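K.L.:
Curious how this folds, go ahead:
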Amino acid sequence: RSVGSLDWEMKEKETGKTEKLISNVTDQLHSGSNILMHELPWTVEGLDTLLTTLEGKGYSFVDPRSIELKMR
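P.N.:
As a prediction, this is how the structure comes out:
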């Protein structure tokens with residue numbers, strides 16, 4: 001299941017976007033999550049903090065190309 005960062009709903013002049021992005025992700029996060037984010041300036045700015053926060057909570061990251069898909 002994917003987790004939406006809701007970064008696309010944020011406005012350029014809005015304050016606290018990094019904190020909101022982290023909250024949006026961590027509120028929905030579970031093992032095996034795929035986090036949906038967009039190439040927006042505030043997402044890029046908050047990415048390092050988000051990843052550091054998630055690592056601090058014990059999460060790790062994988063390259064999507066390394067995931068083997070199983071046919072149902």
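K.L.:
So what's the residue count around Leu6?
P.N.:
By other Cβ atoms under 10 Å, 17 other residues sit near Leu6. For the C-beta atoms, the positions are set from N, CA and C on the backbone; glycine is no exception.
K.L.:
Isn't it up against Asp27?
P.N.:
No. With contact defined as Cβ atoms under 8 Å, Leu6 does not count as touching Asp27 (10.0 Å).
K.L.:
If I look at the residue nearest the centre of the chain, what pLDDT would I see?
P.N.:
The structure's the chain has its C-alpha centroid closest to Ile35; by Cα atoms, centre = their mean the separation is 4.4 Å. Looking at Ile35, its pLDDT reads 88.
K.L.:
excluding its backbone neighbours, what's nearest it?
P.N.:
Once flanking residues are discounted, Ile35 sits nearest to Val3: 5.0 Å by Cβ to Cβ, 6 or more residues apart in numbering.
K.L.:
since we're on Ile67, how many residues are nearby?
P.N.:
Ile67: 10 neighbours (other Cβ under 10 Å).
K.L.:
how near is Cys37 to Lys11?
P.N.:
Rather than Cys, residue 37 is Met. 17 Å (Cβ to Cβ, to the nearest Å).
K.L.:
The two: who's more crowded?
P.N.:
Shown here are Met37 and Lys11; by other Cβ under 10 Å, Met37 has more neighbours (19 against 8).
K.L.:
Since that was my last question, I'll sign off now.
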